[in-house]
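Participant: Any chance you can model this:
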Amino acid sequence: MVPAGQHCKKFGGNGATPALTVSGIPAGANAIIVELNDATYQPLSYDGGHGKIGFWITGGGQATLRAVPGGTKAMPAGVFLEAKNRATGGWASEGYLPPCSGGNGNMYFADVKAVYKAKSDGEASKLLAQGRIDLGKY
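Facilitator: Prediction:
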């Protein structure tokens, strides 16, 4: 289950991304991208339908990713909004959209990607490793 209160404002929540510890990060990675999705609702079930949050990291190994509030494009230091959510209508919000099914039992997950994120126009970003974590039902 998604923890109590970690759902969207539309249904009275004040959700944030979960804090995560990511291990097995390749040495060339400089960022972790967390793509949040709703497996039950097809339009938001892929490619970060609920938003993509990036975390700058130094080196490989392991990184602890802090919780980031939903519904805002303002990110804390060391965190960036890779892509806002794709929700529309009454569900639309800036940044990450926390679970927002109204308690209908939708299943949420995150694709976690270790990347080299290009820092200049002459470089190319590169996916180095990826994994998936189930976040629970709401």
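
Participant: how many other residues sit next to the nearest residue to Ala129 once chain neighbours are set aside?
Facilitator: Nearest non-adjacent residue to Ala129, counting by Cβ to Cβ, 6 or more residues apart in numbering: Ala114, 4.3 Å away. Any C-beta I mention is one placed from the backbone N, CA and C, and that applies to glycine too. Neighbour count of Ala114, defined by other Cβ atoms under 10 Å: 24.

Participant: and what of the one 4 residues further on?
Facilitator: Using other Cβ under 10 Å as the criterion, Ala118 is surrounded by 12 other residues.

Participant: The nearest residue to it once chain neighbours are set aside: what's it in contact with?
Facilitator: Counting by Cβ to Cβ, 6+ apart, Ala118 lies nearest to Ser125, which is 4.5 Å off, once chain neighbours are set aside. Contact analysis of Ser125 by Cβ atoms under 8 Å, 6 or more residues apart in numbering lists Val115, Tyr116, Lys117, Ala118.

Participant: Which of those fall within helices?
Facilitator: Within the contacts of Ser125, no residue falls in helices by DSSP state H.

Participant: Would you show me how to pick out the buried ones of the residues you listed in PyMOL?
Facilitator: Applying 16 or more other Cβ atoms under 10 Å to the contacts of Ser125, the buried members can be selected in PyMOL as follows:
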select buried, resi 115+116+117
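
Participant: So which residue of the protein lies furthest out from the middle?
Facilitator: In the chain, counting by Cα atoms, centre = their mean, Gly122 sits farthest out from the average C-alpha position, at 26.9 Å.
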